[in-house]
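# Would you be able to build a 3D model of this:
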Amino acid sequence: MSSSINLKEKLANFSDYYQPRTVADFNGHSVMVVKANGPFVWHSHADTDDFFLVLKGRLTIHLRDRDIKLGPGELYVVPRGIEHCPEAHEETHVLLIEPDGTPNTGDIRTAAPTIRL
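Numbers count the residues shown, from 1 in each chain. As a prediction, the model looks like this:
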């Protein structure tokens with residue numbers, strides 16, 4: 001990296017929801033930002049945990065047995081294989097870290113394309 005990354009500026013470059021943007025690479029992982037609003041789809045990741053850090057807004061991560069509520073500065077890691085459904089009731093900005101190539105829906109056929117900012 002030749003300079004620092006301003007996440008607020010990166011998030012200002014797009015408006016669509018649940019379309020993660022890669023902002024950096026880290027040891028075979030993609031560091032991404034995403035805007036969320038409304039519910040996503042129920043899904044799981046068989047081979048990897050799912051890292052969520054809320055930067056702005058509020059995010060509920062629905063699990064089959066409970067809900068995890070996150071506000072700015074809070075994070076949660078969904079363990080691999082656990083079904084979950086993120087939902088935001090307002091525009092919410094989230095930092096994600098996942099192994100490169102991880103489909104955001106858990107299924108490559110329905111996943112958002114990889115976009116680099």
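# Which parts of the chain are helices?
Taking DSSP state H to define them, one finds helices in the chain at 7-11.
# pretty sure residue 37 is touching residue 94, no?
No: when contacts are counted by Cβ atoms under 8 Å, residue 37 is not listed as touching residue 94 (11.1 Å). Where C-beta positions appear, they are placed from N, C-alpha and C, glycine not excepted.
# From residue 41, how far off is the residue nearest to residue 96 when sequence neighbours are not counted?
On the basis of Cβ to Cβ, 6 or more residues apart in numbering, the spatially nearest residue to residue 96 that is not a chain neighbour turns out to be residue 32, at 4.5 Å. As for residue 32, its distance to residue 41 is 17 Å (criterion: Cβ to Cβ, to the nearest Å).
# Neighbour count for these two, which is higher?
Taking residue 32 and residue 41 together and counting by other Cβ atoms under 10 Å, residue 32 has the greater number of neighbours (24 against 13).
# Neighbour count: residue 37 and residue 94, which is higher?
Ranked by neighbour count (other Cβ under 10 Å), residue 37 and residue 94 place residue 94 first, with 24 against 15.
# give the contact list for the more buried one.
33, 34, 35, 36, 52, 53, 54, 55, 59, 86 (Cβ atoms under 8 Å, 6 or more residues apart in numbering).
# Measure how buried the first one is and give me the count.
Yep, that's residue 33 we're talking about. Using other Cβ under 10 Å, the number of residues around residue 33 comes to 23.
# Tell me what the residue most central in space within the chain is bridged to.
By Cα atoms, centre = their mean, the chain has its centre lying nearest to residue 96, at 4.2 Å. Each beta-bridge partner of residue 96 is listed here, defined by DSSP bridges: residue 32, residue 52.
# wait, isn't it in contact with residue 20?
Yes: using Cβ under 8 Å, residue 96 makes contact with residue 20 at a distance of 5.9 Å.
# Tell me which of the contacts of residue 94 fall in strands.
Applying DSSP state E to the contacts of residue 94, the entries found in strands are 33, 34, 35, 36, 52, 53, 54, 55, 59, 86.
# what about the protein, any weak spots by pLDDT?
Judged by pLDDT under 70, the chain has its weakly predicted residues at 1.
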